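> Build the 3D model from these lines:
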Amino acid sequence: MKVAVVCGGTGGHMFPGLATAEELAKTGSDVRVVLSGRDVENVSGWDGGVIRIKFDGVPRWRGPVRAAKSVHSIGAAVRSALHAFRDFQPDAVLAMGSYASIGPAIAAWLMKVPLVIHESNAVPGYANRFMSLFSSAVCVAFDEAAAYLPKRARSRVRNTGMPIRGSIGAMPHIADDGSFTVVVMGGSQGAAAVNSAAVDAFCRPEFMNDAGFRLIHIAGGKNEEQVRTAYRARGASYEVLGFTDKMPEIYASADLVVSRAGAASCFELCKCGLPSILVPLPRVSGDHQSANAGCMRAWGVSEVIAQDVLSGEVLSKAVLDLKAAPEKLAAMGKSGIGHFKDGAASLLAGTVASFAARGTR
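Reported below is the predicted structural model:
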């Protein structure tokens with residue numbers, strides 16, 4: 001069985017795509033990961049084949065010139081995908097969303113190859129809304145996503161959960177030694193607001209004078225030194241990282257996480273049973289991070305602070321209130337575990353395999 005997994009674009013598409021590709025490979029499938037050629041596309045740890053189909057995206061601004069460029073860009077991506085797929089001859093194509101999926105998805109449709117798409121957010125992106133019209137199945141992580149799809153696609157929706165890297169959540173929580181550890185994840189996009197509020201919040205006396213308080217601040221590569229310098233200037237010596245491959249260990253040591261509300265982060269927190277304070281990144285497609293955070297709050301997993309009211313004072317109060325309520329923290333963590341779908345990568349891989357076995361769309 002041959003499967004192409006299209007997961008280029010961003011880390012939010014790469015991680016679940018690679019997790020599913022690995023699951024398909026375990027069952028003996030010949031899997032190719034399809035990327036768009038961006039620098040952020042890291043396939044370290046993936047031993048299978050890679051197909052690169054360059055696509056610069058679709059400008060959202062109107063106008064005949066940009067429209068013509070969009071058509072040309074999509075056409076080039078479709079031609080490149082057709083060439084690659086004719087060589088590879090996939091039995092099914094799995095598209096994880098993002099603009100990078102559009103060319104390969106259209107190529108799959110033209111070749112009458114079954115197309116399965118996966119939507120990780122509570123509000124589907126433009127690419128998945130479009131691709132859902134000619135897909136064989138639409139797999140979602142949030143049930144709420146179905147309402148935003150075209151009506152004729154909703155009958156093909158199934159919740160397979162969010163594929164998460166196997167190492168996340170595998171380590172048990174580090175035994176309580178009386179300390180309280182907060183992990184801040186500024187994120188790769190729009191990190192400045194979270195980083196600034198965190199510095200202001202955790203340089204206050206109620207934290208700096210607490211011998212049991214510990215902070216791990218993952219600021220993003222471009223912001224690491226700036227955030228470290230800001231803490232030092234105010235006399236704090238917290239642990240500041242740019243990026244890290246030690247997330248399983250960091251999650252295992254955390255009592256509370258402050259994070260953006262990307263789908264991967266949300267479900268990693270659920271899997272690890274970690275209570276959180278989410279600050280949705282505004283002005284993203286469909287405001288999907290606010291929708292993700294809304295679901296997490298409704299589940300009782302997270303508190304939510306909108307960026308337009310975020311400040312050191314607001315964040316400090318939210319953390320202190322939760323720190324003083326251990327029973328609430330425990331309930332939030334338990335609710336997260338209850339809303340995580342185990343074996344999501346296997347469920348998604350099984351869905352893809354079932355359509356691949358049919359041989360045609």
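
> Where does pLDDT dip in this structure?
For the chain, the stretches flagged by pLDDT under 70 are 9-11, 37-42, 56-67, 175-176, 187-190, 359-361.

> Quick check: most distant residue from the centroid of it.
What lies farthest from the middle of the chain is residue 209; by C-alpha atoms, centre = their mean that is 35.3 Å.

> Enumerate every residue touching that one.
By C-beta atoms under 8 Å, 6 or more residues apart in numbering, the contact list for residue 209 is empty. Any C-beta I mention is one placed from the backbone N, CA and C, and that applies to glycine too.

> Against residue 203, how distant is it?
As defined by C-beta to C-beta, to the nearest Å, residue 209 lies at a distance of 11 Å from residue 203.

> Then residue 285?
Note on residue 285: its distance to residue 203, by C-beta to C-beta, is 34 Å.

> Who has more neighbours out of these two?
More crowded of residue 285 and residue 203, by other C-beta atoms under 10 Å: residue 203, with 19 against 15.

> you'd agree the more buried one is up against residue 237?
No. Contact criterion C-beta atoms under 8 Å: residue 203 and residue 237 do not qualify, at 10.9 Å.

> Give me the common contacts of those two.
With C-beta under 8 Å, 6+ apart, residue 203 and residue 237 have common neighbours residue 231.

> Name the residue closest to the centre of the chain, please.
Mean-position check on the chain, C-alpha atoms, centre = their mean. Result residue 264 at 2.9 Å.

> For the helix or strand hosting residue 76, list every residue counted as buried.
If you go by DSSP states H and E, residue 76 is part of helix 64-88. By 16 or more other C-beta atoms under 10 Å, the buried positions in helix 64-88 come out as 70, 73, 74, 77, 78, 80, 81, 82, 84, 85, 88.

> What of stretch 44-57?
Quick answer for stretch 44-57 (16+ other C-beta under 10 Å): 46, 48, 51, 53, 55, 57.

> Repeat that for stretch 114-134.
Neighbour count says stretch 114-134 has 114-125, 127-132 buried, by 16+ other C-beta under 10 Å.

> Take the residues you listed and keep only those in strands.
115, 116, 117, 118, 119 (DSSP state E).

> Distance check, residue 110 against residue 75.
Residue 110 is 12 Å from residue 75, by C-beta to C-beta.

> how about the helices of the stretch 151-300 of the chain, start to end?
Using DSSP state H, counting those that start in this stretch, the helices of the stretch 151-300 of the chain run over 191-202, 205-208, 224-233, 247-253, 263-272, 288-298.

> how about stretch 99-115 as CSV, C-alpha atoms only?
Presented in CSV, the C-alpha positions along stretch 99-115 are these (Å, rounded to 0.1, in the frame of the first residue of the first chain):
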residue,chain,number,x,y,z
TYR,A,99,-1.9,26.0,1.8
ALA,A,100,0.8,23.4,1.1
SER,A,101,-2.0,20.7,0.7
ILE,A,102,-3.9,22.4,-2.1
GLY,A,103,-1.8,21.3,-5.0
PRO,A,104,-1.4,17.7,-4.0
ALA,A,105,-5.1,17.5,-3.1
ILE,A,106,-6.2,18.7,-6.5
ALA,A,107,-3.7,16.2,-8.1
ALA,A,108,-5.2,13.4,-6.1
TRP,A,109,-8.7,14.3,-7.3
LEU,A,110,-7.6,14.5,-10.9
MET,A,111,-6.0,11.0,-10.6
LYS,A,112,-9.1,9.7,-8.8
VAL,A,113,-7.0,8.8,-5.8
PRO,A,114,-8.9,8.7,-2.4
LEU,A,115,-8.1,11.9,-0.4
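
> roughly how far is it from the heart of the chain?
Its chain's C-alpha centre and that of stretch 99-115 lie 22 Å apart, by C-alpha atoms, centre = their mean, to the nearest Å.

> the strands in this structure, which residues?
Under the criterion DSSP E, the chain contains strands at 2-6, 30-35, 49-52, 92-95, 115-119, 137-140, 157-159, 180-185, 213-218, 239-241, 256-259, 276-278, 302-304.

> Could I get these in a markdown table, plus columns for distance to residue 328?
Shown next, in a markdown table, are these (distance: least, C-beta to C-beta, whole Å):
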| stretch | distance to residue 328 |
| --- | --- |
| strand 2-6 | 40 |
| strand 30-35 | 41 |
| strand 49-52 | 45 |
| strand 92-95 | 39 |
| strand 115-119 | 31 |
| strand 137-140 | 29 |
| strand 157-159 | 28 |
| strand 180-185 | 14 |
| strand 213-218 | 18 |
| strand 239-241 | 26 |
| strand 256-259 | 11 |
| strand 276-278 | 12 |
| strand 302-304 | 10 |
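
> And those strands: which comes nearest residue 249?
Among those, the nearest to residue 249 by C-beta to C-beta is strand 213-218 (10.0 Å).

> And the closest one, what does it pack against?
Judged by 3 or more C-beta pairs under 8 Å, 6 or more residues apart in numbering; DSSP states H and E, the packing partners of strand 213-218 are strand 180-185, helix 191-202, strand 239-241, helix 247-253.

> buried sites along the shortest one?
Translated: strand 239-241. Within strand 239-241, judged by 16+ other C-beta under 10 Å, the buried ones are 240, 241.

> Mind giving me the packing neighbours of that strand?
So strand 239-241, by 3+ C-beta pairs under 8 Å, 6+ apart, packs with strand 213-218, helix 224-233.

> Of all the ones you listed, which one is nearest residue 339?
Comparing the helices and strands packed on strand 239-241 by C-beta to C-beta, strand 213-218 comes nearest, at 23.7 Å.

> Perfect, that will be all.
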